[in-house]
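# All I have is the shape, not the residue letters:
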């Protein structure tokens, strides 16, 4: 095999013309070159392929029995190299070719192809139409198989059908309902207004049971709220100012009461469980103007002070004391801010559930014992079943007694027993406990005037909110709740004169010590309000 050189034109070099490395626009009538920046290069004057770069690759080709040396930059693209090979063979630049070594194995046409020598040149083989067709057919077969596999894997056809059906259904629905742009905007406006109304009536939702019943596992230590001796002593008196305390401080005071009365020690209550329970109680009082966590604390603190003032621990069992305290803590849980009259007239879910019988009080009991079902909040976990049954029944009885619709019935029953009251008689003791929690529930006016006055404003705000809603919904409105008919003095005078004083005077027959501390201040408040 002889080595030939391509004749050079006069002047010693062939004429060169550059083109870009994207393989487009190279004239077929001229040789081409690529420099180190990626431009094409061609044959030198000796009939060899020349290079403008020092970083060269040299490949020897067998062109019809003669050896052709090709030099190109390592930065050339495979497309550039193929065109150079076509140029060396005198073929059109777009001719499909393959490269074979001396063994007949195919060699990849790219800058990284293996070096060869003059003794082992590569052969360039143009591909015939049949070979191209075979490869094209092979490629199409592979492509079809891949597409089929993807179709099977992702169920494209089924998904497409489902989406098409859904789209058709939605289009039909839009067509049938005639939802035009203006109507959609009106719907959006109505929805927005409805959401605002629902937000303002948040208190009317009663069925989301357990919404706040998850116990607090990370219990705060209350290091900031260690009670001073002065606070401990004041906490035992009915004149305690409940407005001076933050919620965490009130929680600490409630916790102290259970410890101070010996309930934690006597019943082996886990102190951490007590904290979690109180936190869960706090979370299940709503932010109403009156029936809120501060009211819960106010009622419980008055119960605590009456236990000391009336020496009830000398007359009641510790189980009775535990029932009194726990009922006071739980007596208004999840109160919605609308009374039983509204629940019944509006036929709310609570009224339907409890058949119009004390719907709120039944709800308070249910929420209380839902909380006790949480192991981390069950302060009664160490009690035997019989004792727990006694506490549950006692707590329910006291909470149900706070329904003012039963006020006359309960007070009349107590009046019949008070003159011959027997602390060993279970019926007498139960009746007294019912009266005690009622006294604590309405005890705001037996406190000093500066403590009692703000509670009246809170209660009237809640009343007026209800009466406004009743007017909007076309429901009956009680005169004492109508902002157009009631005034603050008239509301206080009637309540103090006909409800509060008669009940406390009856209790005073059994516990005379409350006269100076509770009865006289309430009478003075009534006189001051009247004046």
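Yep, that arrived. This is a predicted model, so every value here is computed, not measured.

# Please give me every residue in contact with residue 281.
By Cβ atoms under 8 Å, 6 or more residues apart in numbering, the contact list for residue 281 reads 293, 296, 329, 330, 333, 371. In this view, the C-beta of every residue, glycine as well, is placed from N, C-alpha and C.

# ok, how many other residues are close to the first one?
It stands for residue 293. For residue 293, the count of nearby residues is 20 (other Cβ atoms under 10 Å).

# who touches it in this structure?
Neighbours of residue 293 in contact, by Cβ under 8 Å, 6+ apart: 247, 250, 281, 282, 285.

# rerun that using 6 Å as the cut-off
282, 285 (Cβ atoms under 6 Å, 6 or more residues apart in numbering).

# same thing with the third one?
Contacts for residue 329 were tallied using Cβ under 6 Å, 6+ apart; they are 281, 300.

# could you give me the average pLDDT of the one helix or strand it maps to?
Under the criterion of DSSP states H and E, residue 329 resides in helix 318-330. Confidence for helix 318-330, expressed as mean pLDDT, is 99.

# Kindly report the same for stretch 94-102.
Stretch 94-102 comes out at a mean pLDDT of 86.

# And it, end to end?
25 Å (Cα to Cα, to the nearest Å).

# which residues are in contact with it?
Contacts for stretch 94-102 (Cβ under 6 Å, 6+ apart): 86, 106, 107, 109, 120, 122, 123, 124, 125, 126, 127, 132.

# what separates the closest residue to residue 63 other than its chain neighbours from residue 68, distance-wise?
Using Cβ to Cβ, 6 or more residues apart in numbering and skipping the chain neighbours, the partner closest in space to residue 63 is residue 89 (5.7 Å). Residue 89 sits 8 Å away from residue 68, going by Cβ to Cβ, to the nearest Å.

# try residue 114
Distance from residue 114 to residue 68, by Cβ to Cβ: 17 Å.

# Pick out whichever of the two has more residues nearby.
Between residue 114 and residue 68, counted using other Cβ under 10 Å, the more crowded position is residue 68 (25 against 9).

# For this protein, which residues score under the pLDDT cut-off?
1-54, 128-136, 150-157, 159, 177-182, 195-225, 521-531 (pLDDT under 70).

# how does it look with 80?
1-55, 127-163, 170-225, 519-531 (pLDDT under 80).

# Run through the strands of the chain in chain order.
56-63, 66-73, 97-100, 106-107, 122-126 (DSSP state E).

# and these, which is most packed in?
Among the strands of the chain, ranked by average contacts under mean count of other Cβ atoms under 10 Å, first place goes to strand 66-73 (a mean of 21).

# got the angle between it and strand 56-63?
160 degrees (axes from the mean of the first three to the mean of the last three Cα atoms, to 10 degrees).

# How far off centre is strand 66-73?
72 Å (Cα atoms, centre = their mean, to the nearest Å).

# what's the angle from it to strand 122-126?
90 degrees.

# I'd like to know which elements strand 66-73 is packed against.
strand 56-63, helix 78-89 (3 or more Cβ pairs under 6 Å, 6 or more residues apart in numbering; DSSP states H and E).

# Any chance of a markdown table for the ones you listed, columns distance to residue 172?
Converted to a markdown table, the helices and strands packed on strand 66-73 look like this (distance: least, Cβ to Cβ, whole Å):
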| stretch | distance to residue 172 |
| --- | --- |
| strand 56-63 | 67 |
| helix 78-89 | 54 |
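
# Which residue is the nearest non-sequential neighbour of residue 514?
residue 508 (5.5 Å).

# how much space between the one you found and residue 422?
Residue 508 is 18 Å from residue 422, by Cβ to Cβ.

# Look at the two and report which has more neighbours.
residue 508 (16 against 10).

# Just list the residues touching that one, thanks.
Counting by Cβ under 6 Å, 6+ apart, the residues that residue 508 touches are 514, 515, 519.

# change it to 10 Å
418, 501, 514, 515, 518, 519 (Cβ atoms under 10 Å, 6 or more residues apart in numbering).

# Repeat that for residue 297.
With the criterion set at Cβ under 10 Å, 6+ apart, residue 297 makes contact with 240, 242, 245, 247, 249-251, 253-254, 257, 282, 285, 328-329.

# repeat that for 7 Å
242, 250, 254 (Cβ atoms under 7 Å, 6 or more residues apart in numbering).

# what about the second one, distance to residue 414?
From residue 250 across to residue 414, the span is 30 Å (Cβ to Cβ).

# quick one on the thing from earlier: in TSV, list the contacts of residue 508 along with neighbour count and distance to residue 447.
Below are the contacts of residue 508 laid out as TSV (neighbours: other Cβ atoms under 10 Å; distance: Cβ to Cβ, whole Å):
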residue	neighbour count	distance to residue 447
418	17	24
501	19	14
514	20	13
515	15	15
518	28	9
519	18	13
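
# related to what we said a few turns ago, mind putting the strands of the chain into TSV with distance to residue 407?
Formatted as TSV, the strands of the chain follow (distance: least, Cβ to Cβ, whole Å):
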stretch	distance to residue 407
strand 56-63	106
strand 66-73	104
strand 97-100	106
strand 106-107	104
strand 122-126	110
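
# between those strands, which gets nearest to residue 461?
strand 66-73 (88.4 Å; Cβ to Cβ).

# between the closest one and helix 78-89, how big is the angle?
Using the same axes, to 10 degrees: strand 66-73 against helix 78-89 is 150 degrees.

# wouldn't residue 298 be in contact with residue 241 here?
No: counting by Cβ atoms under 7 Å, residue 298 stays clear of residue 241, with 10.3 Å between them.

# Can you show me the helices along the stretch 301-450 of the chain?
For the stretch 301-450 of the chain, the helices defined by DSSP state H, counting those that start in this stretch cover 318-330, 340-345, 349-353, 359-372, 385-400, 407-418, 426-441, 449-473.

# and the first one, which residues are buried?
Meaning helix 318-330. 319, 320, 321, 322, 323, 324, 325, 326, 327, 328, 329, 330 (16 or more other Cβ atoms under 10 Å).

# Need the residues you listed in JSON lines (columns: distance to residue 262).
Output for the buried residues of helix 318-330, formatted as JSON lines (distance: Cβ to Cβ, whole Å):
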{"residue": "319", "distance to residue 262": "12"}
{"residue": "320", "distance to residue 262": "13"}
{"residue": "321", "distance to residue 262": "8"}
{"residue": "322", "distance to residue 262": "10"}
{"residue": "323", "distance to residue 262": "15"}
{"residue": "324", "distance to residue 262": "14"}
{"residue": "325", "distance to residue 262": "11"}
{"residue": "326", "distance to residue 262": "15"}
{"residue": "327", "distance to residue 262": "18"}
{"residue": "328", "distance to residue 262": "17"}
{"residue": "329", "distance to residue 262": "17"}
{"residue": "330", "distance to residue 262": "20"}
